[in-house]
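1. Give me coordinates for this.
(one chain, ligands or ions: 1)
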Amino acid sequence: MEIPITPLDSWIIHKIGHPGRLTRQAIEEYQLEQLRETLCLARSQSPFYRKHLSRAPEPLSSLGDLAQFPFTAAQDIRDFGLQFLCVSQDKIQRVVTLDTTGTTGQPKRIYFTEEDQELTTDFFHNGMATFTAPGDRVLILLPCERAGSVGDLLATGLQRLGAEPIRHGIVRDIAQTLGVMRAEKVDSLVGIPVQVLGLARHSPEFRLKSVLLSTDYVPDAVVRAVEREWHCQVYNHYGMTEMGLGGGVECLAHRGYHLREADLYFEIVHPETGQPVAEGETGEVVFTTLTRAGMPLIRYRTGDISRFIPGACPCGTSLKNLEWIRARKTGRVAVGPVESLTIADLDEALFSVDSVYDYDASVSHEPGRDILHLSVYVTREDEPALKKRIAESLETIPAVQQAMSQASLFAQMDIYTKRTAPVSPFKRTIRESGASGQ
Ligand SMILES: [Zn+2]
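-> Numbers count the residues shown, from 1 in each chain. Below is the predicted model of the structure:
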C-alpha cells in the first residue's frame, strides 16, 4: 500500500510561500531568513537576549553558524523570566507555569501572544489531518479547561478540520472516562501514554480508528499494547510547552516525527560538549523558535536524546524524521556500583506484561545494596503466575539483570488491582531515597 504524504508537507509549502514541491533547500533558505529575523527581534527587544547574545557573531550567513551561539536552558527561563519577552506584557495572552517543584525557587513560565497561540492551533489543525477525517469524534484527554490550554487549542484545530472534538481533560477516574467514551461514541482520542494504556487495559472491547499519544516520550510497549487492545493505529506526537505545545507528529509510515520545520529549527548536539553531531548521530535535541513573537527561544536545550533518521521517509516528504525520544539526559538512577536505570527501561519491561497498566517505582540506597521498590497496578488479580512474569520481564533490563546477579540490587514488588486513575499523568520518574550506596 502506498503511504500518503504527511499533510505537514503541503502546510509547510504554504507557510513558507514556496511554489511547487517542497525541497530541503527551500526549507533551509526560509529557516535562515526566519532565524535572522528572530535573532534581530531578540537582540533588539529582549533584555535577556541583548546580554546573552552580545558576544555572538553577526550576521548569520548559514544555518551552521548558529552553532556559535550560546544555548538557553530551563534555568535561564527560571532566572530571567519576563526579561525574555520581546513584547510588552499586555500583549501576552497566555502564561504556562511549569514544574513548580518548590525547591528551585522561581517557577518556569512560558509566555505566548495571541499570534503565538494561533501558530499552535494551526499546527494542531494540520497535524491532526494525518489520521483524522471530517466528522470524526475525537476525545481530548489533555487539559482543556482554560481558554488557550493545550486541549482547548487542539479542539479549535479539530473544528477547523471539520472533526468533532469532545473536551474531557486528563483522566482522573478510568471508569468515568470509559463511560464518556461509550456515550460519545468516539472514533479517536488524544491522551497521555500511561493514562491511555489504563483505559485500553480496562476495556479491550473498544474499537477505535486512531489514538494519538502526546508527551515528550512514548514507551514502545504502550504503543504495542494500545494497538493490540483496541485494534487501532497509534500515532506519536512530540511536543513540550516551550516548543509552543506542539513539535512534530508521525506520518502513516510511523518512522519518527515530522517536525514543524516552518516554526522550529532543530539541532542535535553532543550532550556533554554541546558540539553539533554528524548527521544521523544521536545527541541532545535543541530547538530555536522561528515564528514566535512573545518569547522566542534560541538554541533551547530540551534534555531529550534522539537523532535524525537518515534517508527519505516512505511518505515522500522532504521533511526530516526525528527518531522517537527514548531517553533523557537526566533521570538515571544508580543501581549497584556501575549500572543505572531509567523510567523508560522500566516502562518497556513492565508494560510488556499484559495486565500491567501503571506502576510507581523508587530506589533506596542501603550500605552495599540497592532496593528497587515497585507498586504495580494490574487489571486481574487471579493470576498466580503474574508476579513471576513481571519479575522475569524486569530481568530483561540489562542493568537490572547485571546488578541482581552481583547481589547489589534487590527488587521488592507489591501488586494491586485497585487504582481509579494513574496518579502521575505527566513526567514520571523513579524516586530515590537513602545515602548513595557505599
Ligand atoms: Zn513521512
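2. so which helix or strand takes in residue 284?
-> Using DSSP states H and E, residue 284 sits in strand 283-289.
3. An error on my part: the question was meant for residue 177.
-> helix 174-184.
4. got it, and residue 222?
-> Going by DSSP H and E, residue 222 is in helix 220-230.
5. Quick check: buried residues in the following helix or strand past that helix?
-> Counting by DSSP H and E, the next helix or strand C-terminal to helix 220-230 is strand 233-238. By 16 or more other CB atoms under 10 Å, the buried positions in strand 233-238 come out as 233-238. Quick note: C-beta positions are derived from backbone N, CA and C, even for glycine.
6. so which of these would you say is closest to the ion?
-> residue 235 (11.5 Å; CB to the ion).
7. one step back: can you lay out the buried residues of strand 233-238 as a markdown table showing pLDDT and distance to the ion?
-> What follows is those, written out as a markdown table (pLDDT from 0 to 100; distance: CB to the ion, whole Å):
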| residue | pLDDT | distance to the ion |
| --- | --- | --- |
| 233 | 95 | 14 |
| 234 | 97 | 16 |
| 235 | 96 | 11 |
| 236 | 94 | 13 |
| 237 | 95 | 14 |
| 238 | 94 | 14 |
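8. Direction-wise, compare the next helix or strand after the strand holding residue 284 with strand 283-289 and give the angle.
-> Once the chain leaves strand 283-289, the next helix or strand it forms, by DSSP H and E, is strand 300-306. Using axes from the mean of the first three to the mean of the last three CA atoms, to 10 degrees, the direction of strand 300-306 lies 140 degrees away from that of strand 283-289.
9. Now do the contacts for residue 141.
-> Neighbour list for residue 141: 168-171, 177, 189-192, 195-196 [criterion: CB atoms under 8 Å, 6 or more residues apart in numbering].
10. Tell me which two of those residues sit farthest apart.
-> 169 and 196 (13.8 Å; CB to CB).
11. More neighbours: the two, which one.
-> Set residue 169 next to residue 196 and count neighbours by other CB atoms under 10 Å: residue 196 wins out with 29 against 14.
12. Just the C-alphas of the helix or strand hosting that one, formatted as PDB.
-> Per DSSP H and E, residue 196 falls inside helix 193-202. C-alpha atoms of helix 193-202 as PDB (Å, rounded to 0.1, in the frame of the first residue of the first chain):
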ATOM      1  CA  PRO A 193       0.500   7.400  27.200                       C
ATOM      2  CA  VAL A 194       0.100   5.800  30.600                       C
ATOM      3  CA  GLN A 195      -3.400   7.100  31.000                       C
ATOM      4  CA  VAL A 196      -4.500   5.800  27.600                       C
ATOM      5  CA  LEU A 197      -2.900   2.400  28.500                       C
ATOM      6  CA  GLY A 198      -5.000   2.300  31.600                       C
ATOM      7  CA  LEU A 199      -8.200   2.800  29.600                       C
ATOM      8  CA  ALA A 200      -7.100   0.200  27.000                       C
ATOM      9  CA  ARG A 201      -6.200  -2.400  29.500                       C
ATOM     10  CA  HIS A 202      -9.600  -2.000  31.200                       C
END
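13. Would you mind naming what in the protein lies close to the ion?
-> Within the chain, the positions adjacent to the ion are 6, 251, 253, 313, 315 by CB under 5 Å from the ion.
14. Just the ones of the residues you listed in strands?
-> Of these, none are assigned to strands by DSSP state E.
15. coming back round to it: please identify the buried residues of the helix holding residue 177?
-> Result for helix 174-184 [16+ other CB under 10 Å]: buried residues 174, 177-178, 181.
16. where does the protein have low pLDDT?
-> Across the chain, the ranges flagged by pLDDT under 70 are 99-105, 216, 382-383, 420-426, 435-438.
17. Domain-wise, how is it divided?
-> Per the record, the chain has its domains at 1-328, 333-433, by automatic domain parsing.
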